[in-house]
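J.: All I have is the shape, not the residue letters:
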């Protein structure tokens, strides 16, 4: 070590070695990058080096100990980027983006979840900083640290050259890598976490510029696409629910595998199971998927209310909260004189809801100030679901009918904690706390929904109401595959993980017989379906989904990363599978499959353009007035005045 450090570049090389080691350690133990083959293994091994060499090479301009101190500072910055992504990945199974950082105010709302993902081993990421600082203090020869002026640019050029070698090899293994902007996993796997961060920053700047230069001409291609993608309504269902109340129940983190699942021989969700089997004339869509990305719950809200996909980076609720929207709530209001309301016993500022709901056009937002929230009746993020539903029904009864109401649950949220007195089923015993707890809060949510149904009937609201129940996103990420394999009794392959993205959709339509509907669809399809049930044609709207009851419904369901699932094919992690058998389709270059891939990417890109460029501000519809957010005020006093 002494000989190494006596060499002028010794400290430089040691710092690079430390950065490389802890980054590769994170790649191996923290991230699920899906590395396959020797080329990908090699790229994963070398990709931290180029950015480390370039950034540290810039410090070689400096003289004496100052250069070593700046190397430590650069190391610290790169470590913060690394540990931030590690913690975020543990929670969201995804990588941080610049857009996500604007949502940092939400972290305070999720303290239990954040604390739950910290490990004592995280301190290892900072050990090298202590070692390097000790060397700076104890090695006097570093005071004479000085190199010729040409060394620094030469090192930076070498690091840049290494990056382009890395990029060339990556493009050979994965053509059009940087054009596949939907999948951050690929960028990190092939180019490295630090290069990905730079790429994300450049991409974010480009996106902001798009809005500044957007015009009504940009909407033409999108309007042509959604018009051609339109599905004619089914005459049997068109207008059948006109004028009836709509209550949409949002099941937090609820995945379809829970339906009919038995833990130790006991049904986890007995009431929802009954609904799925036709009780209450409930229609159950068992091939229904979420499309959410980093926005999670807020993405589900955006998609179900606007038939737009969430963004590939960040949450539109946060970053596009000032956009123009043509939402389900506002269309129901302007076409059928509906009152609209969101019920969510959380702080009104969480996910920027107090602002974006005004753009969506919700008449009322019943947030935590409308509820009696105490320490005794709260758990995890806030008010327990049974208390929430019990206090929401009187508020529902005060709404002018017909109404569209969106009730959002919270108890079944990571880390899935529940008071012992509320638990009516034993935990699972996989040894993974997240998975083991998941079943207790799912049972609690099931009991809360049953209670709500009973209260709606007692209040007289149920008989004349369309009731929609849907899951917002997956609750168990791939970080828990070992435990989930024990739960499901099967290997969680990329194909199986795609199938696990099913979330339930149950729909009670007064006068319509229930049963299981095997149609493939997603949250993007809910808005056009509900509009057609009201007798409102969505042909001229910018909707990317299609009516689930239509014979022309598009059954190819896009995932936010560019993958998809359909009755025939599942495309995920660059492989095509037979959806019915789960077998890999070796000859996946057929025109049919390539067309599906192109259509999915086109749909996601066009939806992104709508949000990034705020294109609905240019969309003028006959008999539709753009929302004026100043018309809405979500205080208790404003609600009392309206009454």
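T.: Nice, I can see it. Worth saying up front: this structure is predicted, and the values here are computed from it rather than measured.
J.: in the stretch 351-500 of the chain, which spans are helices?
T.: 353-360, 385-397, 433-459, 481-488, 494-499 (DSSP state H, counting those that start in this stretch).
J.: okay if I get the ones you listed as JSON lines plus distance to residue 152?
T.: Quick note: C-beta positions are derived from backbone N, CA and C, even for glycine. Converted to JSON lines, the helices of the stretch 351-500 of the chain look like this (distance: least, C-beta to C-beta, whole Å):
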{"stretch": "helix 353-360", "distance to residue 152": "47"}
{"stretch": "helix 385-397", "distance to residue 152": "60"}
{"stretch": "helix 433-459", "distance to residue 152": "47"}
{"stretch": "helix 481-488", "distance to residue 152": "45"}
{"stretch": "helix 494-499", "distance to residue 152": "44"}
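J.: looking at those helices, which is buried most?
T.: Compared across the helices of the stretch 351-500 of the chain, helix 353-360 shows the largest average neighbour count, a mean of 22 (mean count of other C-beta atoms under 10 Å).
J.: Which strands or helices does that helix pack on?
T.: Helix 353-360 is packed against helix 296-306, strand 364-366, with contacts defined by 3 or more C-beta pairs under 8 Å, 6 or more residues apart in numbering; DSSP states H and E.
J.: what's the distance between that helix and the middle of its chain?
T.: The chain centre lies 19 Å from the centre of helix 353-360; the measure is C-alpha atoms, centre = their mean, to the nearest Å.
J.: Would you tell me which of the helices of the stretch 351-500 of the chain gets closest to residue 607?
T.: Between residue 607 and these, the shortest separation by C-beta to C-beta is 16.3 Å, and it involves helix 353-360.
J.: Return the angle between stretch directions for the closest one and helix 296-306.
T.: Taking axes from the mean of the first three to the mean of the last three C-alpha atoms, to 10 degrees, helix 353-360 and helix 296-306 form an angle of 20 degrees between their directions.
J.: model confidence over helix 353-360, on average?
T.: Averaged over helix 353-360, pLDDT sits at 92.
J.: can you list the residues that contact it?
T.: Contacts of helix 353-360 from elsewhere in the structure, counted by C-beta atoms under 8 Å, 6 or more residues apart in numbering, are 298, 305-306, 317, 320-325, 327, 329-330, 342, 344, 348, 365, 367, 627, 629-632, 634.
J.: which helix of the protein spans the most residues?
T.: Longest helix in the chain by number of residues, with DSSP state H as the criterion: helix 64-92.
J.: ok now it, how far from the chain's centre?
T.: For helix 64-92, the gap between its own C-alpha mean and the chain's C-alpha mean amounts to 26 Å (C-alpha atoms, centre = their mean).
J.: Would you mind listing where the stretch 101-250 of the chain has pLDDT under the threshold?
T.: Using pLDDT under 70 as the threshold, the predicted model of the stretch 101-250 of the chain has low-confidence ranges 102-115, 140-147, 179-183.
J.: go again using 80 as the cut-off
T.: 101-117, 139-149, 174-184, 203-204, 206-208, 210 (pLDDT under 80).
J.: Could I get the full set of strands for it?
T.: Counting by DSSP state E, counting those that start in this stretch, the stretch 101-250 of the chain has strands at residues 245-251.
J.: Can you identify each of the helices in it by residue range?
T.: In order along the chain, the stretch 101-250 of the chain carries the following helices (DSSP H, counting those that start in this stretch): 111-116, 124-138, 151-173, 184-191, 193-212, 218-229.
J.: Most tightly packed of these?
T.: Each of those was scored by mean neighbour count; the highest is helix 184-191, a mean of 23, by mean count of other C-beta under 10 Å.
J.: just to revisit the earlier point, can you flag which of the contacts of helix 353-360 belong to helices?
T.: 298, 305, 306, 317, 329, 330.
J.: my guess is the third one meets residue 329, correct?
T.: No: Residue 306 is not in contact with residue 329 according to C-beta atoms under 8 Å; the separation is 9.6 Å.
J.: If you count surrounding residues, which of the two has more?
T.: Each of residue 306 and residue 329 has its neighbours counted (other C-beta atoms under 10 Å); residue 306 has more, 28 against 25.
J.: Spit out the contact partners of the more buried one.
T.: By C-beta under 8 Å, 6+ apart, the contact set of residue 306 is 325, 326, 327, 328, 360, 527.
J.: Let me have these in a markdown table, adding distance to residue 550 as columns.
T.: A markdown table is the format used below for the contacts of residue 306 (distance: C-beta to C-beta, whole Å):
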| residue | distance to residue 550 |
| --- | --- |
| 325 | 24 |
| 326 | 20 |
| 327 | 21 |
| 328 | 17 |
| 360 | 25 |
| 527 | 13 |
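J.: Most neighbours among the residues you listed, which one is it?
T.: Of the contacts of residue 306, with other C-beta under 10 Å as the count, residue 328 tops at 30 neighbours.
J.: hmm, back to that, in PyMOL, how would I select the buried members of the contacts of helix 353-360?
T.: Remark: buried members of the contacts of helix 353-360, expressed as a PyMOL selection using 16 or more other C-beta atoms under 10 Å:
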select buried, resi 298+305+306+317+320+321+323+325+327+329+330+342+344+348+365+367+627+632+634
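J.: Quick check: which ranges of the stretch 501-643 of the chain have low pLDDT?
T.: Residue ranges of the stretch 501-643 of the chain with pLDDT under 80: 642-643.
J.: which residues of it fall in helices?
T.: Taking DSSP H, counting those that start in this stretch, the helices of the stretch 501-643 of the chain run over residues 526-533, 591-612, 636-642.
J.: Return the most buried member of those.
T.: Most buried of the helices of the stretch 501-643 of the chain by mean neighbour count (mean count of other C-beta under 10 Å) is helix 526-533; its value is a mean of 26.
J.: Using the record's assignment, carve the protein into domains.
T.: Partitioning the chain according to automatic domain parsing yields domains covering residues 2-211, 218-621.
J.: Kindly reformat the helices of the stretch 101-250 of the chain as CSV containing distance to residue 47.
T.: Below are the helices of the stretch 101-250 of the chain laid out as CSV (distance: least, C-beta to C-beta, whole Å):
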stretch, distance to residue 47
helix 111-116, 28
helix 124-138, 18
helix 151-173, 6
helix 184-191, 6
helix 193-212, 7
helix 218-229, 36
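J.: From residue 616, how far off is residue 609?
T.: Separation of residue 609 from residue 616 (C-beta to C-beta, to the nearest Å): 11 Å.
J.: hang on, the earlier thing: residue 547: which of the helices of the stretch 351-500 of the chain is closest?
T.: Of all the helices of the stretch 351-500 of the chain, helix 353-360 sits nearest to residue 547, with 21.0 Å by C-beta to C-beta.
J.: thought residue 304 was touching residue 529?
T.: No: distance between residue 304 and residue 529: 10.0 Å, which falls outside the contact criterion (C-beta under 8 Å).
J.: What lies in contact with stretch 269-283?
T.: Counting by C-beta under 8 Å, 6+ apart, the neighbours of stretch 269-283 from elsewhere in the structure are 258-261, 267, 284, 286, 442-443, 445-447, 449-450, 453, 467, 469, 504, 506-509, 512-517.
J.: let's see it at 6 Å
T.: Outside of stretch 269-283, the residues within contact range by C-beta atoms under 6 Å, 6 or more residues apart in numbering are 258-260, 267, 284, 442, 446, 450, 506-508, 513-515, 517.
J.: Next, count neighbours for residue 614.
T.: Going by other C-beta under 10 Å, the residues that sit close to residue 614 add up to 17.
J.: pretty sure it is touching residue 325, no?
T.: No: counting by C-beta atoms under 6 Å, residue 614 stays clear of residue 325, with 9.7 Å between them.
J.: re the thing from before, tell me which of the helices of the stretch 351-500 of the chain approaches residue 310 most closely.
T.: Between residue 310 and those, the shortest separation by C-beta to C-beta is 12.6 Å, and it involves helix 353-360.
J.: Can you mark which positions in stretch 34-50 are buried?
T.: Neighbour-count burial for stretch 34-50, with 16+ other C-beta under 10 Å as criterion, is recorded at 35, 40, 43, 44, 46, 47, 48, 49, 50.
J.: confidence score at the second one?
T.: Listed pLDDT for residue 40 reads 92.
J.: by contact count, what packs against the strand or helix carrying it?
T.: In this structure, residue 40 sits in helix 37-57 according to DSSP states H and E. Helices and strands touching helix 37-57, by 3 or more C-beta pairs under 6 Å, 6 or more residues apart in numbering; DSSP states H and E, are helix 10-29, helix 64-92, helix 151-173.
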